[in-house]
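J.: Predicted model and sequence follow; I will ask about them next.
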Amino acid sequence: MYYSLPLRPLMNHKKVRVRFAPSPTGGLHLGGVRTVLYNYLFARHHGGDFVLRIEDTDQSRFVSGAEEYIMQCLTWCGILPDESPANPGLYGPYRQSERKALYAQYALQLVEQGNAYFAFDTTEGLEAMRENYKTEHHNAQYDARTRGFMRNSLTLSKEELTDLLACNTPHVIRIKMPVDQTLVFTDMIRGKVSFDTNLVDDKVLLKADGTPTYHLAVVVDDYLMKITHAFRGEEWLPSAPVHLLLWQYLGWESEMPQWAHLPLILKPDGNGKLSKRDGDRLGFPVFAMDWTDPRSNEQTIGFCERGFLPEAFINMLAMLGWNSGMEQEIFSKDELIQHFSIARVHKGGAKFDYEKAKWYNHQYIQQTDNTRLVDLLQPFIADKILPTDACKLATVIGLVKERLHLLGEFWEQASFFFIRPETIDIAAIQAKWNENTKQFFVLLAQKFAASTDWNHDTIELVFNEAVAEAGIKKGEAMLPLRVMLVGGKFGPGVFAIAEQIGITETVARIEQAISLL
RNA sequence: GGCGCGUUGGUCAAUCGGCUAAGACGCCUCCCUUUCACGGAGGAAUGACGGGUUCGACUCCCGUACGUGCUACCA
C-alpha cells in the first residue's frame, strides 16, 4: 500500500502561524536560537504569527527558572513571540503542563478507533522484550512483531482489561503502527521523505502519569493552536511518520502544518552535533546568555556576556544554514525578514566556526555608533572605570573599536586611557635607548609640561620640535613614547592617546619610564 | 546492526546541464601605517569515489564510501 499526502502551496489562504516549542531544561543552545530565528523570520516574512509554547510535560527534566531564562534570551536577541505564556493570545494556555487535561481525550479517541491501545508493561517487561526479541540485524522494539507478546489491550481479555483499568493499574497508551505502509510526506527543505511503517515502533502517546509524550502533544497543540508551518531540528525526522499518522487518525489531515526539518549545527572539530561541552572544551559560548544550573550551580557563559551584539549574533546564526544567494553577508533584522526563504535553507549540517562568529561581531561593532557602544560596554567596565572617566568613554571607544571583536576585549585594548599601565615593555624601549634618546625624553617632558595647547596636532608639533632640537630621528622616539604611555606596542595613534590622557599624566608616564631605564 | 537524512576549498557557501567553479572567514605575501588594528592589492586551497543518462555533468539517476540523526513512559 502506498500512502501519500499532497503538498499544499506555501502561501495559502490561511494566516501563517509558527511556533517555537522548547523544553525548559537548561541553557538556550545555538541550535535552539537558530530555530527560533527561522520561525520568526518566516512568520514576519509572511505576515504571520510566531508563538512560544513551553513543552514542560516531562517533570523529571523540568528546571526551574529555565522558562524565564528562555524569555530573557529571546528578548536579548530581539525576536520576541507574538503569543507566549507571558503574553497569551487566543490559543492558550501556552504551557503544556497547563494543558494537561486536553490530551487524554485524544489518546482515548485513538484507542476507541483502534489506532492506539492500552499497555500495562513494566520496565522489566519492556527490557525483557528488548533482550528476547533482538536479533543480529534488528533491535527489538514495541511493534507489530512484538506487541502480540506483551501485556496490552490487544492481548488481554476484555475482563482482564476492565479489571486492570478499574484498579487504576499503571498503563500507557501506545499508537498502533500499521503494517506494510509507506508513508510519504513533503518536507519544505528536503522534498519527499518516505518511511516504512514496519520499521517504526508503537510510540507511547500518553504516559502512565497521564501526561502526553512529545508525539501526542505536538500534534494536538499544533492543531489547536492552528499552526500552519512547523520547524524543528533534523533529529525529529525519524518520528515524523508517527506525527503524520496522528494527524490522519485524529481526522485533522487537512489542517496538518507543513514540516521543515532544519539541519543540525555541528561541532567545529571532529564529528557530531554541537554541545555545551564543545564550547567548554574549545573556549567559546554555546548558549545565548549565561546560564547557571540551579541544581549543580554550574555556570556556563553566553554569547551576550562574552561580548556579542545581539544583531551580530542573529546575523551570524541566520547565515549558518541559510544563504540569500547574494554576496551580501551583513543583514539587519529587517533585511533578513525581507530575504529569508525556507527554500534556501541548506539540507546538510553546518560546522560552527567561532572565528567567523567573531568576525560578524567585529563588523557590527564597527558600524555601531559610539554612544550606543558606551551603553553596551557598561557591564564589561562598570567595576573598572571611575565616573569621572565616563565622559571620555565615547571618544576612547571611537579610537579603539576597530580592533575589537568582542566587547569584553575593550579593557585590554583601552585600559591605559584610564589608568597607568601596571607594567611597561622595557625591552621594547631599550632597543632604541641611549644617552641621546634619554636626553630627548627629558626635553620632551619639559616641553609637554610647558604646553598651553593640548590636542594631537599640537602635541605632534611639540614632539617634532623636540626631535629637531635633540638631533635624533623621529623613528627612534615614536616607539619608546608609545611604550611609555601604553605599556606595549599596540593601540591607536600615540598623539591621540597623549591628548586623551592629558598633560600631567603624559609627562608623569614619560618621567616614570625614564627613571626605570 | 536497522532505518532516515546529508556530502562543492580547513570552515560558511554561490551554482538549479555549458565552469577558465563566485564570495566570505581563517591562513600566507605585499602596500598603507615609524606600534597594533583598520583599509587596499595579491596568493595557496574545492566538486567523496565508481558507474550510468547526455553533444556536454558539480549539477540528473544508480551504487559505494564517509558523515550525521533516530532507534526511551526525553524532548
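T.: Okay, I see it.
J.: Next, the contact list for the residue nearest to A:Ala116 when sequence neighbours are not counted, please.
T.: Spatially, and ignoring its direct neighbours in sequence, A:Ala116 is nearest to A:Leu110 (3.7 Å; C-beta to C-beta, 6 or more residues apart in numbering). Every residue, glycine included, has its C-beta placed from N, CA and C. A:Leu110 makes contact with A:Ala116, A:Ile173, A:Ile175, A:Leu205, A:Leu246, A:Tyr249, A:Leu250, according to C-beta atoms under 8 Å, 6 or more residues apart in numbering.
J.: Which one of the residues in chain A is closest to RNA strand B?
T.: Closest to RNA strand B within chain A is A:Asn271: 1.7 Å, counting by C-beta to the nearest atom of the strand.
J.: Show the pLDDT at the residue lying closest to A:Thr368 once chain neighbours are set aside.
T.: Nearest residue to A:Thr368, sequence neighbours excluded (C-beta to C-beta, 6+ apart): A:Leu309, at 6.7 Å. If you check A:Leu309, the pLDDT there is 98.
J.: Tell me, how many residues neighbour A:Leu309?
T.: Residues lying near A:Leu309 (other C-beta atoms under 10 Å) number 23.
J.: what's the answer for A:Glu422, then?
T.: When neighbours are defined as other C-beta under 10 Å, A:Glu422 has 8 of them.
J.: can you tell me which residues contact it?
T.: With contact set as C-beta under 8 Å, 6+ apart, A:Glu422 has these partners: A:Gly487.
J.: Am I right that it falls within a strand?
T.: No - looking at A:Glu422 with DSSP: H, G, I helix; E, B strand; the rest coil, it is coil, so not inside a strand.
J.: can you pull the contacts of the closest residue to A:Ala119 other than its chain neighbours?
T.: Counting by C-beta to C-beta, 6+ apart, A:Asn152 is the residue found nearest to A:Ala119 once chain neighbours are left out, at 4.1 Å. By C-beta under 8 Å, 6+ apart, the residues touching A:Asn152 are A:Tyr117, A:Phe118, A:Ala119, A:Phe120, A:Asp121, A:Arg174.
J.: Turn the residues you listed into a markdown table, including distance to A:Glu159, pLDDT and secondary structure.
T.: Below are the contacts of A:Asn152 laid out as a markdown table (distance: C-beta to C-beta, whole Å; pLDDT from 0 to 100; DSSP: H, G, I helix; E, B strand; the rest coil):
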| residue | distance to A:Glu159 | pLDDT | secondary structure |
| --- | --- | --- | --- |
| A:Tyr117 | 17 | 97 | strand |
| A:Phe118 | 14 | 97 | strand |
| A:Ala119 | 18 | 97 | strand |
| A:Phe120 | 14 | 96 | coil |
| A:Asp121 | 19 | 95 | coil |
| A:Arg174 | 21 | 98 | strand |
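J.: can you list the residues you listed in a markdown table and add neighbour count and distance to A:Val218?
T.: Shown next, in a markdown table, are these (neighbours: other C-beta atoms under 10 Å; distance: C-beta to C-beta, whole Å):
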| residue | neighbour count | distance to A:Val218 |
| --- | --- | --- |
| A:Tyr117 | 23 | 21 |
| A:Phe118 | 21 | 22 |
| A:Ala119 | 23 | 21 |
| A:Phe120 | 20 | 25 |
| A:Asp121 | 19 | 24 |
| A:Arg174 | 28 | 17 |
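J.: Stretch A:447-455: which residues count as buried?
T.: A:Lys447, A:Phe448 (16 or more other C-beta atoms under 10 Å).
J.: Could you list the residues in contact with it?
T.: Residues contacting stretch A:447-455 (C-beta under 8 Å, 6+ apart): A:Thr458, A:Ile459, A:Val462, A:Glu465, A:Ala466, A:Ala498, A:Glu499, A:Gly502, A:Ile503, A:Thr506, A:Val507, A:Ile510.
J.: go with 10 Å
T.: Outside stretch A:447-455, the residues that touch it by C-beta atoms under 10 Å, 6 or more residues apart in numbering are A:458-459, A:461-463, A:465-466, A:469, A:495-496, A:498-499, A:502-504, A:506-508, A:510-511.
J.: Show me the subset of these that also lies near RNA strand B.
T.: With C-beta under 7 Å from any atom of the strand as the criterion, the contacts of stretch A:447-455 include none near RNA strand B.
J.: Buried by neighbour count, from the residues you listed: which ones?
T.: A:Ile459, A:Val462, A:Phe463, A:Ala466, A:Phe495, A:Ala496, A:Ala498, A:Glu499, A:Ile503, A:Thr506, A:Val507, A:Ile510.
J.: Cool, thanks, signing off.
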